[in-house]
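**Q** any chance you can model this:
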Amino acid sequence: MANVEHTFSVVINTTDRARSLQTLLRTLEHQSYPHFEVIVVVGPTNDNTLEILKDYEDRLRVLHCPVANLSVSRNIGLRAARGDIVAYIDDDAVPSRNWLLQLNRLFANPLIAATGGVVYLIHPTQPTVQHKQGIISALAEQYDVRASLLDKLPPEGLGRFWTMRMMGANMAYRRSALLSIGGFDEFYEWVYDDADVAIRLAAAGFLVHPVSEAPVYHVPASSRNREVFTFHGRWWIQTKAAVYFTIKNGKAVGVPSRDILRRIGYFVHGHWLWNLQLFQQKKISLKQLLKASVLEVRGAIVGATKALFFAQSPSTKEDLQEPLNSMNASIQPFLNESSATQTAIDPVSGRQPLIQLSNSPLRIALLSFNYPPERYEGVGRSTNMLAKGLFELGHTVHVLTHGNREAVSFYDGAYVHRVPYRLNRYMQFRHLPKVHHVLNYSHAVHERLQRLLLNDDIQIVDTPLWLTDGFVTAVSGMLPVVVRPVTAQRQIAELQHHRDDDLRLMGEIEEELLRHAQFIVANTQATVRALDQVYHVLNKTNSVQVIHYGIEPAADEATRPFPLDYPPTKFTVLYVGRLEKRKGIQDLFTAIPKVLRRFPQAEFVIAGADNSESDGFKRKTGLSYPAYFQKRHSKYAAKVRFLGEVSEEKLQALYQSCHLFVAPSLYESFGLIYLEAMNYAKPVIGCRAGGIPEVVDDGVTGRLVDPESPEQLAEAIVELLQSPRTLYEYGLAGRQRLLDRFTYIHMARGFEQIYRRVLAEIAARS
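**A** Next up is the predicted model:
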């Protein structure tokens, strides 16, 4: 098909949603396709919508709708449109960067009259796929989410006439086609307007073809008709619209009257049952139940009366025929010279980083199998901090992480894409469970990255070496891949004396990922040395740099230095981490009795999941780590609390309330946990292993001991507990060290420079 550059009229219909509207207008600045105008149709609003629109008065057109009726508003925008294509987007949604570019490609097919993409509800508490390749019958039976064009076919239901449809938040029409059927039926003041147009277009012989790409990210806002994420709403308007839709369209396509009547009964009865359930759950009162039931009946009667006796085809409205004579009018471009350097926007809160960019912001994909808030662990936490920092520097960030179902949310500065996967590839490795899972997940991530490249125009991928999420993408060469190495699988195998084919092949996958990396960003010099010793790849590339990780500093008033003026009667020593040999838990167990004999005022709090099965400890002893300590050191069991894995909120409270933090890991590539304790002005104890000495300044912010040396560990703990002044000074020094060198902004600036360097080198070569 020829590459046709259509002009677009983006129509936004809005009432009382000034903040959401402002967010949408800011995100439209990022559209990659330039040939579009913006028309904002403002209803009888009571907020500061018009004040916000003054900032754009030379870049868009503002029209007014005298009534709170969505279809009337849509028709006002349609009459004013000058583009070849009229694209509607809700005022509480934001488009993907290539939204219009994708729609333009679709309309290159002259047979397509209407299309639209997937709609993701991205609120962090309720993410879901809201609409994807939906279909609807003339009796208002519908499937909003389908896996493919063939899914749910043939559909179940009474309806004889089915067609594909779009959701109002993401729908586009050839202007000539929409005008030819008379635009939107203005009886629909809210809901079913989009579905009605799809039915009428299809009945008139036009092709309606929604797709699974060209996404819009939806953050539902409350309106005069409903309170978002609650059961409060004017649901009788929905009933009125559904009954009208069913009778009018059912009759038009020849559905028998008995089927139409039966469908109306199902709908009204369903709403009655729903209201009764709300009453039984004590969510509404008896008075509210009776009122809702009466309104349901009234809505059904009004809809039926209008459809049976007063229905008028929208195509007879003469005022919608007039624009056909002005199809060649030129659009008023929305983008200007400053659009290219506009920073990213949080679509949920509307917040935009207060930073001026001289270059265009980057579009980055970060990978992490685990990710907050569902799962907190080392790689996920550092990826989360990087995402937050990059957003604060103005960049658009997408995080790909594992999920049981497809969903997108916006959390901590990033679009978080949940990627499910199946074990349906690489069957030759099914006898190696780690490898089989890793390869299948990496392939699922690669397919999602292909879609992000298509829709959001991502430029670069950043993957941890751990679990090799980006392996397939790196080998494919589709996008430049930056690798963040942490502790490697081969290192863990050597530390835990594991020798099996699964781990050996995992090591080979890691090595291959490093060889295909465009750039390697280590978190410490120790990581660089370890990688060179284990994989011998660093001498074959000069694209290696160290950037220390960072975290978000707690507010000054949240810090808790040791209270010199009011010393405690009990001193809390905190350990955070998995309970496994590599984390030094066995050494801590040996040290605890030595400490308590010399300093009985101490108590130990141990927070982290028991990993005794995975590291072989339970196989050797028959006990979990907590059970082993309680049996082996029963005399001191009352002084040690095992909390298991804790929530993020609880973890921060533990850091804040402890007096000394201890993590005697045998190896850490970096050690984010030390920073998290230092954040609250707590002294720390670690080992002279891996990257820990680059985080903990021995004798200044804490103490370092040799790994697997419980005697040294016990001595360091006792010395610090016996010196309150040292606890206080180390804590303050640690807090200052974090602020000076280890914040998430420091980390993000370093990665930003590397991403720009990689992209510049690729551009220079091409």
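
**Q** could you say what helices and strands the helix or strand of the chain with the lowest mean pLDDT packs with?
**A** Lowest by mean pLDDT, DSSP states H and E among the helices and strands of the chain is helix 489-495, with a mean of 71. The contact analysis (3 or more Cβ pairs under 8 Å, 6 or more residues apart in numbering; DSSP states H and E) places helix 489-495 against helix 501-516, helix 525-535. Bear in mind the C-beta positions are built from the backbone N, C-alpha and C, glycine included.

**Q** pretty sure A252 is touching A204, no?
**A** No: using Cβ atoms under 8 Å, A252 makes no contact with A204, being 10.5 Å away.

**Q** which of these two has more neighbours?
**A** A252 (15 against 12; other Cβ atoms under 10 Å).

**Q** so what's the more buried one closest to, chain neighbours aside?
**A** A203 (6.4 Å; Cβ to Cβ, 6 or more residues apart in numbering).

**Q** that neighbour: neighbouring residues, count only.
**A** Using other Cβ under 10 Å as the criterion, A203 is surrounded by 15 other residues.

**Q** just checking, it touches K251?
**A** No: A203 is beyond contact range of K251, at 11.6 Å (criterion: Cβ under 8 Å).

**Q** which stretches of this structure aren't confidently modelled?
**A** 1-2, 312-328, 494-498, 538-542 (pLDDT under 70).

**Q** per-domain residue ranges of it.
**A** Following automatic domain parsing, the chain resolves into domains at 8-228, 359-546, 556-742.

**Q** is R484 in a bridge, and if so with what?
**A** R484 has these beta-bridge partners by DSSP bridges: P464.

**Q** identify the residues contacting the nearest residue to L467 once chain neighbours are set aside.
**A** Closest residue to L467 apart from its sequence neighbours, by Cβ to Cβ, 6+ apart: F369 at 4.9 Å. Counting by Cβ atoms under 8 Å, 6 or more residues apart in numbering, F369 touches V379, G380, T401, H402, Y441, W466, L467, D469.

**Q** which residues touch the nearest residue to Q238 once chain neighbours are set aside?
**A** Distance criterion Cβ to Cβ, 6+ apart; nearest residue to Q238, sequence neighbours excluded, is V191 at 5.2 Å. Contacts for V191 (Cβ under 8 Å, 6+ apart) come out as I237, Q238, A241.

**Q** what separation do you get for V191 and P553?
**A** 46 Å (Cβ to Cβ, to the nearest Å).

**Q** if we can go back for a sec, of the contacts of V191, which is the nearest to G83?
**A** Distances from G83 to these, taken as Cβ to Cβ, are shortest for A241 (28.1 Å).

**Q** what secondary structure does the closest one sit in?
**A** helix (DSSP: H, G, I helix; E, B strand; the rest coil).

**Q** give me the distance between the residue lying closest to it once chain neighbours are set aside and I89.
**A** Using Cβ to Cβ, 6+ apart and skipping residues adjacent in sequence, the residue nearest A241 is Y192, 4.2 Å away. For Y192, the distance to I89 equals 18 Å [Cβ to Cβ].

**Q** for F184, same thing?
**A** 15 Å.

**Q** one more: V408?
**A** As judged by Cβ to Cβ, V408 and I89 stand 16 Å apart.

**Q** also R59?
**A** For R59 relative to I89 (Cβ to Cβ), the value is 16 Å.

**Q** neighbour count winner among these two?
**A** The neighbour comparison of R59 against I89 (other Cβ under 10 Å) goes to I89, with 26 against 18.
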